[in-house]
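Visitor: below: sequence and its predicted model.
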Amino acid sequence: MKQFAFFVSLTFIGITSLQAQTANPQQYKYVFTVAKDGSGDYKYIQEAIDAMRVFPLAPITLYIKNGVYNEKIELPATNTDVTFIGESVDKTIIVFNDYSGRGKLTTFNSFTAKIVGNRFRAENITFSNSAGPVGQAVALHVEADQAIFINCRFLGNQDTIYTGGETARQLFVNCYIEGTTDFIFGPATAVFQNCEIRSKTNSYITAASTTQGKKFGYVFMDCQLTADSGVTKVYLGRPWRSYSKTVFLRCTMDKHITPEGWNNWGNPANEHTTFYAEYKNSGSGATTANRVKWSHQLTDKDAANYTLATIFANEGSALPVNPKWHQEQSMRTFEWPAKK
């Protein structure tokens with residue numbers, strides 16, 4: 001009975017808080033500016049996040065002026081419809097140096113930035129984990145559904161980007177992503193369009209953990225696969241979970257991509273459950289003659305199914321059906337207030 005009363009009390013407090021926000025929507029800002037020099041509303045990104053209205057009645061825009069923001073940030077699930085706009089991708093930098101094994105930290109809380117609020121957008125921002133080659137150290141941990149990153153950089157080593165959320169859909173456009181081992185990993189459905197994927201050591205690019213029954217996992221479209229000097233043996237992917245799905249379409253692959261292409265993570269059983277495929281890639285690393293026998297080369301008919309509308313269909317998502325969300329997000333324009 002006491003537990004029930006406690007639950008009712010918590011529910012009442014939550015409803016009262018939400019009603020208080022809804023009653024006076026004009027008191028909440030929907031445009032913020034963060035600036036290290038004190039010329040904005042806040043000096044720290046997390047301060048601005050904490051000041052945002054939860055479940056906003058309109059989209060919220062956070063303009064971030066050039067600067068190195070040495071902080072660990074988290075956008076919770078209650079902060080939906082938020083956009084981060086950096087002044088310039090090379091000079092607007094969010095960086096922290098946590099890593100798995102530092103104190104009680106694990107891979108999943110080693111992040112520099114954690115994004116959970118749905119319908120998130122970021123543009124012209126560098127997300128960096130500066131811990132170095134010390135093990136798992138995540139720069140971006142994103143669980144948001146309908147999240148899009150445009151012209152962003154992701155800097156790290158092992159586990160640079162974690163695409164979380166089994167039913168989440170995420171889009172990366174014109175981005176730069178670097179790392180060492182499994183530096184793009186997770187269960188989300190994620191598309192990478194016209195991105196540079198740079199390997200810093202001999203290792204693995206992807207480690208998808210696609211859940212059983214999902215039609216799509218990772219899809220790379222028109223990307224450039226590059227490597228640091230001296231890197232000569234990189235696999236396109238290996239399965240973190242048994243039903244991993246990863247496809248590369250029309251990508252340019254340098255000679256660092258190993259002829260086998262794919263790895264079974266030391267478990268031959270994964271060869272029967274994963275789906276790894278390629279289509280019309282080019283470059284010295286794209287030769288398919290010696291690819292592992294259990295990978296696939298898509299036909300024109302197969303490849304025709306790999307459109308954003310098809311990949312991002314409302315497969316299991318809790319959000320309302322909106323097949324054009326990725327178009328609406330990427331076509332929105334913003335006027336940079338710091339340049340007025």
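Guide: Received the coordinates, thanks.

Visitor: so which residues of the chain form helices?
Guide: Here the chain has its helices, by DSSP state H, at 2-23, 45-51, 300-303, 308-311, 325-331.

Visitor: isn't F149 up against N174?
Guide: No: the pair F149 and N174 does not pass the contact test of CB atoms under 8 Å, sitting 9.1 Å apart. Heads up, the C-betas are built off the backbone N, CA and C, glycines and all.

Visitor: between the two, point out the one with more neighbours.
Guide: Higher neighbour count among F149 and N174: F149, with 28 against 16, using other CB atoms under 10 Å.

Visitor: what's the pLDDT at the more buried one?
Guide: pLDDT, F149: 98.

Visitor: check T180 too.
Guide: At T180, pLDDT is 98.

Visitor: likewise for T22?
Guide: 44.

Visitor: low-confidence bits of this protein, can you list those?
Guide: 1-27, 314-318, 320-325, 327-340 (pLDDT under 70).

Visitor: try it again with 50
Guide: Residue ranges of the chain with pLDDT under 50: 1-23, 339-340.

Visitor: got a list of what A77 touches?
Guide: By CB atoms under 8 Å, 6 or more residues apart in numbering, the residues touching A77 are 116-118.

Visitor: closest to E87 out of those?
Guide: Ranked by distance to E87 (CB to CB), these are led by G117 at 22.2 Å.

Visitor: can you report how many residues lie near the closest one?
Guide: Counted with other CB under 10 Å, G117 comes out at 24.

Visitor: please apply the same query to the one 10 residues further on.
Guide: A count of neighbours around F127, defined by other CB under 10 Å, yields 30.

Visitor: quick one: residues contacting it.
Guide: Counting by CB under 8 Å, 6+ apart, F127 makes contact with 94, 112-113, 139-140, 152-155.

Visitor: in JSON lines: the residues you listed, plus neighbour count and distance to D222.
Guide: As requested, the contacts of F127 are arranged in JSON lines below (neighbours: other CB atoms under 10 Å; distance: CB to CB, whole Å):
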{"residue": "I94", "neighbour count": "25", "distance to D222": "27"}
{"residue": "T112", "neighbour count": "29", "distance to D222": "27"}
{"residue": "A113", "neighbour count": "27", "distance to D222": "26"}
{"residue": "A139", "neighbour count": "30", "distance to D222": "23"}
{"residue": "L140", "neighbour count": "29", "distance to D222": "21"}
{"residue": "C152", "neighbour count": "24", "distance to D222": "17"}
{"residue": "R153", "neighbour count": "21", "distance to D222": "18"}
{"residue": "F154", "neighbour count": "26", "distance to D222": "18"}
{"residue": "L155", "neighbour count": "21", "distance to D222": "22"}
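
Visitor: quick check, nearest of the residues you listed to R53?
Guide: Proximity of those to R53 (CB to CB) peaks at A113, which lies at 20.3 Å.

Visitor: pretty sure the closest one contacts A139?
Guide: Yes: counting by CB under 8 Å, A139 is a contact partner of A113 at 7.2 Å.

Visitor: isn't V292 right next to E260, touching?
Guide: Yes: using CB under 8 Å, V292 is in contact with E260, at 5.2 Å.

Visitor: how about V116, what does it touch?
Guide: Contacts of V116 by CB under 8 Å, 6+ apart are 74-77, 79, 143-144.

Visitor: to clarify, my last question referred to E123.
Guide: Counting by CB under 8 Å, 6+ apart, E123 has contacts 83-86, 149-152, 334.

Visitor: all good on my end, thank you.
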